[in-house]
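# curious how this folds, go ahead:
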Amino acid sequence: MMDDVPPPTEHVVRPHHIGLLSILSLAFKDGDFKEFPIPFTLHLYRCLLNEISEVCQPKPYNEVLKEIASGPRTEVQACQSLLANARAMPGNLGTADDLTVFFSNVPALFVEKPPDDNPIFMRRSLFGYFCRRCFVSFIKLSFSGVVKLQRDFQAWTAGDLSAGYEVINKEQLTNDATLFKTQADKKAWAKPESLEAWEKGLAIGDDTMAAENLRRFFEQQFNDNNDSGLRQHALLNLVRMHYTHKEYDAARKLLSEAITVSRTSGDRITLQNCISMLHRLPPTGSGQRPTLNEIQLDLHPLEVFYDVSKLLEDQPIGMAFNKIMQAIGVQDHWVDVQLIPPPEEELWVQHSVQSIVWRSAGCDKLATIEENLIMAFIPSGTSDETRLSIVLNRANQACPNARMGLYDQSLRNLLDPAIWSGLGMDDYATWAYAVWNILALWVTRRGQQRMFEEVLLPRQPYGRINTKFLGLDLEGPPRSKIHESLGEVLKLKRSGQATTGVENLLKALWHSEFLFRLHEYRTGIILLADVGLEFGMSKRSQALVSDIMPQASIICGKDPEQRGFATFTLARAIIASGESTSESLREALLYLLAAEKDYECLDILEALQDVQYFISVVYHNLDMMGERDAAARRHHATAEKRKKLATVVQDEEVDAILNLIGQIGVALSSRK
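Numbers count the residues shown, from 1 in each chain. Below you'll find the model as predicted:
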């Protein structure tokens, strides 16, 4: 079993070790610590423990003293004397001889005195172990090593935080700083700095630095064998990097190599991760369906949750819920069998997936409850993708703010530093696209074609922008069968040929009903009623819209664009079926005014202009001349606004937001 134990990590005396030793010597040697007030002693213990444990980057010497000085009861003479002596300590170590004398006194802190008297620090305590380890590492140094350590300490206390922290070369011919070499001093064992540089490269988007440091990390000496047996981990991490960049061909090429290496080395867990990544890659064939993961012993539960997204594309919603229950069972089993508990953020993934599925099913209130759980329990300002996905869903595709016309509020939520401050560059691109998409939605709804083509489109974020959703052209990646069919119907409707799209409309209705996509089904029903008016089926159209109006998504205004279209269609159906009687006109007028309010809130000027024209006609037929003139003036104002906005190219607010997106990207990529 001893062969499985990793080699001991060597210890090197660094400048911050000398600073901590000096504080320990001044504070606890010769029993001076007994004169400190108890609150100050507790504060001193906490400060030193935090630095000695080295759970974070060591603080400069002056910052450590400043933190100690901020404790309670520092006005006592003993505390002031300690701080004054500690500030003067760097000046007392001006030569190598001074440093040698200083370390010669360190054993007094942990060496046992008389048999009946305990030392100041027990050898197995954290303080005693730290002092003893630093002393042993110092006595191994040669004279040149002591001189270099003394100079590095002086430079470090003067402000050069990199002095004394370089990587030590372990070659036998050049490593003359260590006089007495142990086995750990003769070989350069693996260090985590390269892995840290790899993660930094991913965060700032420097792929070259990331890949180079990943290779350097796994080429280190992990054990006494000629091969570390960890090459498959480097390949898997490279695959994940290419996958997040959407470089699927490169990921697929490296993944085949990673699978082969994992099988050769007998690494079952990494092999399972590689196979799961293979199932994540999009199919190469046009009609090929994505592959679902089979439940295996080492299958990560997040891979099962990812399978839910595959089922949402063209499968009934019930299958997605069944897969969620299966994934929750795998997650519970994973938590029970793992020796190390998974990160807490992973436990909230199920709520994120459920919110997406509930929203796809048209149950917005249940989706909001699941989203609120994540927003409440996952802290902001981090790179957690679960929280980011909820934020983007709220702000873009499923966000009530943007879809209700509250573009300013939606943009404020996204531009909050708590949202983007902890993002990596890949997540930054997703975030930037969400902000850009809200701007594009706002501009296209107002009919500002020139601004979109000359300002927004040239400054679009990295990636393929699907302009089909904006109703601009036919370019973009393919969508689901329902969206493709509904998009074709809307295209024909804009050109005045909606009656020729009945086949596509019926196809969209069949798929949305079979797959239980209620949002799309409601839109299809309203379009069917609109087409029915073209064929003179006014009573049937009125019945279709009246049946879906009481549904919560429409009557509560979760999607005001859908509600505006429904009320406008229902009003026209009421007028047509009532043969334009005064009763039918008055009934339709209520729905027309509601549609006007929705379209005005959304800033959809073309539809707003049509509704206001209908309102003025209805008022005219009801002999309500004052209201007719007011509606006509609103119609004229909308037409003038639409004409004016069509010629506007530059907008200060839009330019400021686009510039802010660029500045945030620069700040994130230049992080240290």
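
# which strands or helices does whichever helix or strand Asp629 is part of pack on?
In this structure, Asp629 sits in helix 625-647 according to DSSP states H and E. Packing partners of helix 625-647 (3 or more C-beta pairs under 8 Å, 6 or more residues apart in numbering; DSSP states H and E): helix 449-451, helix 605-621. For glycine as for every other residue, the C-beta is placed from the backbone atoms N, C-alpha and C.

# what angle sits between it and helix 605-621?
Interaxial angle, helix 625-647 versus helix 605-621 (axes from the mean of the first three to the mean of the last three C-alpha atoms, to 10 degrees): 160 degrees.

# list the buried residues for helix 625-647?
Residues of helix 625-647 classed as buried by neighbour count (16 or more other C-beta atoms under 10 Å): Glu627, Arg628, Ala631, Ala632, Arg634, His635, Thr638, Lys641, Arg642, Leu645.

# take stretch 250-259, keep the C-alpha atoms, and write them as PDB.
Only the C-alpha atoms of stretch 250-259 are listed here, as PDB (Å, rounded to 0.1, in the frame of the first residue of the first chain):
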ATOM      1  CA  ALA A 250     -11.200  19.500 -32.700                       C
ATOM      2  CA  ALA A 251     -13.000  18.100 -29.700                       C
ATOM      3  CA  ARG A 252     -14.100  15.000 -31.500                       C
ATOM      4  CA  LYS A 253     -10.500  14.400 -32.800                       C
ATOM      5  CA  LEU A 254      -9.000  14.700 -29.400                       C
ATOM      6  CA  LEU A 255     -11.800  12.700 -27.800                       C
ATOM      7  CA  SER A 256     -11.000   9.600 -29.800                       C
ATOM      8  CA  GLU A 257      -7.400   9.800 -28.600                       C
ATOM      9  CA  ALA A 258      -8.500  10.400 -25.000                       C
ATOM     10  CA  ILE A 259     -10.800   7.300 -25.100                       C
END
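
# give me the residues contacting that stretch.
For stretch 250-259, the external contacting residues (C-beta atoms under 8 Å, 6 or more residues apart in numbering) are 232, 235-236, 238-239, 242-243, 270-271, 274-275, 277-278, 281.

# so what's Ser584 up against?
Counted by C-beta under 8 Å, 6+ apart, Ser584 has contacts Ile574, Ile575, Ser577, Gly578.

# pretty sure the first one contacts Tyr591?
It stands for Ile574. Yes: with contact defined as C-beta atoms under 8 Å, Ile574 and Tyr591 form a contacting pair (7.2 Å).

# who's more crowded, the two?
For Ile574 versus Tyr591, the count of surrounding residues by other C-beta atoms under 10 Å is larger for Ile574: 26 against 23.

# tell me the mean pLDDT over the helix or strand Thr569 falls within?
Assessed by DSSP H and E, Thr569 sits inside helix 560-577. Helix 560-577 shows a mean pLDDT of 90.

# what's it packed up against?
With contacts defined as 3+ C-beta pairs under 8 Å, 6+ apart, helix 560-577 has these neighbours: helix 518-534, helix 538-548, helix 552-555, helix 582-602, helix 605-621.

# could you redo these as CSV and give each row distance to Ile317?
Shown next, in CSV, are those (distance: least, C-beta to C-beta, whole Å):
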stretch, distance to Ile317
helix 518-534, 9
helix 538-548, 18
helix 552-555, 15
helix 582-602, 28
helix 605-621, 30
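
# returning to what we had before: quick one: which of the helices and strands packed on helix 625-647 is nearest Asn50?
With respect to Asn50, and counting by C-beta to C-beta, the nearest of the helices and strands packed on helix 625-647 is helix 449-451 at 53.8 Å.

# residues in contact with that closest one?
By C-beta under 8 Å, 6+ apart, the list of residues contacting helix 449-451 from outside reads Val443, Ala646, Thr647, Val648, Val649, Gln650, Asp651, Val654.

# do that again at 6 Å, thanks
By C-beta atoms under 6 Å, 6 or more residues apart in numbering, the residues outside helix 449-451 that reach it are Val443, Val649.

# in terms of distance to Leu42, which of the buried residues of helix 625-647 ranks first?
If you rank the buried residues of helix 625-647 by distance to Leu42 using C-beta to C-beta, Leu645 comes first, at 65.9 Å.

# what stretches of the stretch 401-550 of the chain score poorly on pLDDT?
Filtered on pLDDT under 70, the stretch 401-550 of the chain yields the residue ranges 401-406, 463-478.

# show me where it has its helices.
For the stretch 401-550 of the chain, the helices defined by DSSP state H, counting those that start in this stretch cover 407-414, 417-420, 425-445, 449-451, 481-494, 502-515, 518-534, 538-548.
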